[in-house]
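Q: test case, fold it:
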Amino acid sequence: MSIEKYISSNIPLPVCAVSSTGKILGANNKIEEVFLYKNIEDADLFALTGIRTKELFSREAKASEGEQIIIERNGHKFNVVSEIIECEGDCDKVDKEAEEPNQIALIYFYDVTRYEELKSKYEEEKVCVAKINIDNYDQFNDAVSPENGMAITTEVNKMIRKWAQDIEGSVDKIKESQYVVHFHQKYLDGLMAGKFELLDQVRALETSVDFPLSLSMGIGVGGDDLSETANFAAGAMDLALGRGGDQAVVKNESRIQYYGGKTQSVEKSNKGKSRVVGHALKKLMEESKTVLIMGHKHGDIDCFGSSLGIYRMCIACKTDAHIVIEEVPESLKAFYQQVEEAGNYSLIKADKAKNLAKDNALVVVLDTHRPSYVEAPELLEIADKVVVIDHHRRAEETIENPTLAYIESYASSTAELVTEILQYILNRKILIRLEAEALLAGMTIDTNRFAVKTGVRTFEAAAWLRRSGADTAEVKRFFQMKPETFKIKAKAIANAEFLPSGIATAICEGMHHDVQVINAQVADELLDIKGIKATFVAGKNKNGITCVSARSLGDVNVQVILERFGGGGHLNVAGAQVNDEPEEIIKKILEEIEEGEK
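A: Okay, here's the model as predicted:
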């Protein structure tokens with residue numbers, strides 16, 4: 001049977017016959033529309049197209065699933081489609097090296113140049129929505145003279161409008177600190193490649209205050225209509241603001257990307273929100289039959305101390321309350337035992353909490369806003385009302401539609417936020433000394449003894465706790481460690497590696513219950529070394545999971561780095577848990593830093 005029968009010149013498409021080894025057995029005269037060569041017989045298909053023969057021989061199944069192979073040749077784009085046939089009898093041209101010489105693939109080349117051009121044009125002309133917010137606008141205007149404030153904000157306005165002009169976008173000023181820009185998607189890749197340089201330009205403006213002006217940007221992309229794209233932009237803006245501002249967040253239906261986030265969140269001087277949240281939380285407690293308080297898995301003193309503070313608020317509201325804690329970490333056992341011995345608190349497991357959550361219960365989540373991180377995720381589904389109080393930068397995964405959310409990334413700790421709430425609800429004499437010390441300990445550990453991420457409000461909250469009876473000497477005892485733990489920590493510090501870029505790394509050898517605490521303390525101490533800008537420490541817990549602690553003086557955003565490995569935190573304090581070996585994750589982190597500096 002002649003191959004020419006299958007590739008007749010009557011077929012109005014370029015077509016060729018190929019053996020299972022990739023050898024071209026023949027082609028019709030229209031193949032010159034695809035390739036510049038007049039005779040491609042006996043040539044190798046992969047060499048001509050870059051398409052592997054195995055892929056073509058399985059193409060029929062894939063084509064039914066909507067997959068396509070598009071190649072660009074001779075100034076045109078072609079959709080490559082294959083059809084497997086069996087020659088009747090012996091073919092006049094065979095490939096002796098093929099396992100089944102009589103089985104050939106007919107390869108058709110559909111010219112889709114015009115279609116691809118229209119498709120590309122359609123994608124490029126989709127409208128993106130960018131919401132822009134001037135961070136700390138009110139604080140800035142309160143701190144400068146009207147003339148100076150107007151001059152700076154006018155300059156920011158010019159920068160935003162120039163940025164929009166460069167991408168042929170339209171600008172709408174919603175209010176003094178908020179803008180909306182509409183632009184075509186064809187400019188988006190360039191903006192992302194440049195990491196939204198507008199953020200750096202605004203941050204570099206000279207001001208007479210001790211903090212820079214910055215922008216938050218939420219960019220919505222690829223909605224089915226303009227309304228959905230605008231909703232994506234609004235969601236992206238919520239993320240940017242929830243993560244502390246000074247960053248751009250690009251959001252479509254399935255993916256979120258972050259850019260910027262180089263400055264620390266500016267502390268808000270007005271405590272009005274704490275008062276509003278405090279009274280709203282009190283009302284929710286009074287309306288609920290039971291309050292279930294829980295933090296994140298493998299809780300720390302910030303998480304547990306905050307739970308005690310909220311528990312005391314429930315007692316003041318005369319509401320039944322329980323603290324849900326499934327597993328007590330080694331670093332918390334001594335303090336947990338002290339709380340148990342006090343006999344003033346209801347500490348329960350998740351199983352008991354499930355039954356209590358069914359009857360008009362309020363769940364208060366502390367020190368996390370990620371549903372997968374909480375002590376008992378199932379309670380979020382059972383309870384009708386959920387309150388979230390957290391100080392971490394907002395992540396993609398978040399508890400959906402909470403009744404009340406108080407997530408402030410400027411705060412040093414959840415203990416600080418809880419303390420401020422208590423000031424408006426309780427007389428400080430009602431707060432038990434143990435609770436005051438636990439809250440103060442939470443602030444102490446999360447600020448590395450008030451050395452980082454500490455604002456005026458942090459000290460004011462600490463002073464209120466001190467007046468409530470907190471003893472700093474007792475707080476220090478919470479952080480005492482066993483001799484063997486001290487030796488592990490000392491060995492990790494002794495074997496630390498220091499890079500010329502100002503990065504220090506260390507490995508905590510072996511597996512330990514309280515490896516997170518050891519890692520954090522090693523990372524903190526390495527940061528005391530002259531010339532070090534950021535530290536990364538990794539070690540395994542008893543379950544074989546590698547825990548990473550990272551610290552920074554602000555020059556390196558450790559949160560953004562560890563987010564790429566499933567972690568999170570703040571600009572200068574972050575952590576993550578991974579399945580890689582400690583040495584492997586440290587290597588990956590350094591590669592990520594190197595890639596980011598390019």
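
Q: show me which positions of the helix or strand containing residue 508 end up buried.
A: Assigned by DSSP states H and E, residue 508 belongs to strand 503-511. The neighbour-count check on strand 503-511 (16 or more other Cβ atoms under 10 Å) flags 503, 504, 505, 506, 507, 508 as buried. (Each C-beta comes from the backbone N, C-alpha and C, glycine too.)

Q: need the contact list for the third one.
A: Under the criterion of Cβ atoms under 8 Å, 6 or more residues apart in numbering, the contact list for residue 505 reads 496, 497, 499, 535, 536, 537, 538, 586, 589, 590.

Q: same question, residue 468
A: Contacts of residue 468 (Cβ under 8 Å, 6+ apart): 428, 429, 431, 433, 436.

Q: just these: which are in helices?
A: 433, 436 (DSSP state H).

Q: dump the contacts of residue 468 to a markdown table, plus distance to residue 70.
A: Shown next, in a markdown table, are these (distance: Cβ to Cβ, whole Å):
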| residue | distance to residue 70 |
| --- | --- |
| 428 | 70 |
| 429 | 75 |
| 431 | 68 |
| 433 | 71 |
| 436 | 67 |
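
Q: top of the contacts of residue 468 by neighbour count?
A: Among the contacts of residue 468, residue 436 has the most neighbours (other Cβ atoms under 10 Å), with 27 neighbours.

Q: is it true that residue 201 touches residue 159?
A: Yes. At 5.7 Å, residue 201 and residue 159 qualify as touching, with contact defined as Cβ atoms under 8 Å.

Q: ok, residue 567 to residue 210 distance?
A: Separation of residue 567 from residue 210 (Cβ to Cβ, to the nearest Å): 30 Å.

Q: so for those two, which sits in the more crowded spot?
A: Taking other Cβ under 10 Å, residue 567 and residue 210 do not tie; residue 567 has more neighbours (20 against 7).

Q: quick one, phi psi at that one?
A: When read as degrees, to the nearest 10, the backbone of residue 567 gives phi -100, psi -160.

Q: which residues touch it?
A: Counted by Cβ under 8 Å, 6+ apart, residue 567 has contacts 548, 574, 575, 576, 577, 578.

Q: and which of these is nearest residue 311?
A: Nearest to residue 311 among those, counting by Cβ to Cβ, is residue 575 at 25.7 Å.

Q: and of the contacts of residue 567, the nearest to residue 326?
A: Using Cβ to Cβ, residue 577 is the member of the contacts of residue 567 that lies nearest residue 326, at 16.4 Å.

Q: in the sheet, who's paired with the closest one?
A: Taking DSSP bridges as the rule, residue 577 bridges to residue 547.

Q: how much space between it and residue 519?
A: 11 Å.

Q: try residue 479
A: Taking Cβ to Cβ, one finds residue 479 at 15 Å from residue 519.

Q: who has more neighbours out of these two?
A: When residue 479 and residue 519 are compared for neighbours, residue 519 comes out ahead with 30 against 15, by other Cβ under 10 Å.

Q: next, the more buried one: secondary structure please.
A: At residue 519 the chain is in helix, as set by DSSP: H, G, I helix; E, B strand; the rest coil.

Q: got it, and residue 580?
A: coil.

Q: isn't it up against residue 588?
A: Yes. Proximity of residue 580 to residue 588 meets the contact threshold set by Cβ under 8 Å, at 6.9 Å.

Q: hey, where'd the helices end up in the stretch 151-300 of the chain?
A: Taking DSSP state H, counting those that start in this stretch as the test, the helices found in the stretch 151-300 of the chain are 188-193, 197-203, 226-242, 272-287.

Q: same check, this time on the stretch 401-550 of the chain
A: Shown for the stretch 401-550 of the chain, the helices assigned by DSSP H, counting those that start in this stretch span residues 414-425, 433-446, 456-467, 472-478, 483-494, 515-526.

Q: just the CA trace of the shortest one, in CSV.
A: Yep, that's helix 472-478 we're talking about. Output of helix 472-478 as CSV, limited to C-alpha atoms (Å, rounded to 0.1, in the frame of the first residue of the first chain):
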residue,chain,number,x,y,z
THR,A,472,9.6,40.5,85.7
ALA,A,473,11.8,38.1,87.7
GLU,A,474,9.0,35.4,87.5
VAL,A,475,8.6,36.1,83.8
LYS,A,476,12.4,35.4,83.3
ARG,A,477,11.9,32.0,85.0
PHE,A,478,9.5,31.0,82.2
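
Q: can you give me how far it is from the chain middle?
A: Counting by Cα atoms, centre = their mean, to the nearest Å, helix 472-478 is centred 35 Å from the centre of its parent chain.

Q: what comes up buried for that helix?
A: 474, 475, 478.

Q: repeat that for the first one.
A: Buried residues in helix 414-425, counting neighbours by 16+ other Cβ under 10 Å, are found at 414, 415, 416, 417, 418, 419, 420, 421, 422, 423, 425.

Q: likewise for the fifth one?
A: Of the residues in helix 483-494, those scored as buried under the neighbour-count criterion (16+ other Cβ under 10 Å) are 485, 488, 489, 491, 492, 493.

Q: low-confidence bits of the protein, can you list those?
A: For the chain, the stretches flagged by pLDDT under 70 are 1-6, 8-9, 58-67, 88-101, 262-271, 597-598.

Q: what's the longest strand in it?
A: The longest strand of the chain (DSSP state E) is strand 76-86.

Q: could you dump that strand to CSV, C-alpha only?
A: The C-alpha coordinates for strand 76-86 follow below in CSV (Å, rounded to 0.1, in the frame of the first residue of the first chain):
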residue,chain,number,x,y,z
HIS,A,76,3.2,30.8,11.1
LYS,A,77,1.7,29.0,14.1
PHE,A,78,0.4,25.4,13.6
ASN,A,79,-1.7,23.2,15.8
VAL,A,80,-0.2,19.7,15.4
VAL,A,81,-2.7,16.8,15.4
SER,A,82,-1.9,13.1,15.0
GLU,A,83,-3.9,10.1,13.7
ILE,A,84,-2.6,6.6,14.1
ILE,A,85,-3.4,4.2,11.3
GLU,A,86,-2.5,0.6,10.3
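
Q: quick one: it to chain centroid distance?
A: With Cα atoms, centre = their mean, you get 42 Å for strand 76-86.

Q: that strand pairs with which strands?
A: Sheet pairing for strand 76-86, assigned by DSSP bridges, gives strand 69-73 (antiparallel), strand 103-111 (antiparallel).

Q: of those, which is nearest residue 403?
A: Of the strands paired with strand 76-86, nearest to residue 403 by Cβ to Cβ is strand 69-73, at 50.0 Å.

Q: now do the buried residues in that closest one.
A: Buried, per 16+ other Cβ under 10 Å, within strand 69-73: 69, 73.

Q: give me the contacts around that strand.
A: Contacts for strand 69-73 (Cβ under 8 Å, 6+ apart): 34-35, 49-51, 55, 59, 77-80, 112, 116.

Q: hmm, which of those are the buried ones?
A: Neighbour-count burial (16+ other Cβ under 10 Å) is assigned, among the contacts of strand 69-73, to 34, 35, 49, 51, 59, 77, 78, 79, 80, 112, 116.

Q: taking helix 433-446 as reference, get the angle to whichever strand or helix holds residue 341.
A: Assigned by DSSP H and E, residue 341 belongs to helix 333-342. If you take axes from the mean of the first three to the mean of the last three Cα atoms, to 10 degrees, helix 333-342 sits at 160 degrees to helix 433-446.
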